[in-house]
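Asks: this one's structure only:
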Ligand SMILES: [Zn+2]
């Protein structure tokens, strides 16, 4: 029994958090830049999208935090997905479902597909 799915999923969450924090930083920098008085009254295409980008990033970070908690809830010493037996490997159906959206990323294994 292995824990490779857990390690791989943790990396996917880490990478997604890094990308989201970078995008959030640029959204907030752009919002600040657009508040410059010298830009008032100027035509700036797409200016109204940046608060939505900021909100989407904030929501994504909360989702990623929830994913980390779910992953922790399915750790080897607390796992109960199988109805009583402690499955400690890569056969947890919840972790397999969490991995599915990231199936195109390097290192994904077809045997991790939802059963
Ligand atoms: Zn589980």
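Replies: Now that the structure is in, tell me what you want to look at. This one's a predicted model, so the numbers in the text were calculated from it and none came from an experiment.
Asks: For the ion, see how far away residue 55 is.
Replies: With distances taken as CB to the ion, to the nearest Å, residue 55 is found 31 Å from the ion. In short, each C-beta sits where N, CA and C put it, glycine included.
Asks: how much space between that residue and residue 72?
Replies: Distance check for residue 55 against residue 72: by CB to CB, to the nearest Å, it reads 26 Å.
Asks: Which neighbouring elements make contact with the helix ranked longest in the chain?
Replies: Across the chain, the longest stretch assigned as helix under DSSP state H is helix 4-34. Packed against helix 4-34 by the contact rule (3 or more CB pairs under 8 Å, 6 or more residues apart in numbering; DSSP states H and E) you find helix 50-73, helix 93-99.
Asks: Which secondary structure elements does the last one sit against?
Replies: Put plainly, it is helix 93-99. helix 4-34, helix 50-73.
Asks: Could you show which parts of this protein are in contact with the ion?
Replies: 74, 79, 81, 92, 94 (CB under 5 Å from the ion).
Asks: In PyMOL, select just the buried ones from those residues.
Replies: Filtering those down to the buried ones (16 or more other CB atoms under 10 Å) takes a single PyMOL command:
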select buried, resi 74+79+81+92
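Asks: Using pLDDT, spot the least trustworthy of the residues of the chain next to the ion.
Replies: The member of these with the lowest pLDDT is residue 79, at 71.
Asks: mind listing what the most centrally placed residue in the chain touches?
Replies: Centroid check for the chain by CA atoms, centre = their mean gives residue 64 as the closest residue, at 4.0 Å. Applying CB atoms under 8 Å, 6 or more residues apart in numbering to residue 64 gives the contacts 13, 16-17, 20.
Asks: Quickly, which of the helices and strands packed on helix 4-34 bottoms out on average pLDDT?
Replies: Looking at the helices and strands packed on helix 4-34, the bottom one is helix 93-99 with a mean of 90.
Asks: mind listing what's buried in it?
Replies: Neighbour-count burial for helix 93-99 [16+ other CB under 10 Å]: 95-96, 98-99.
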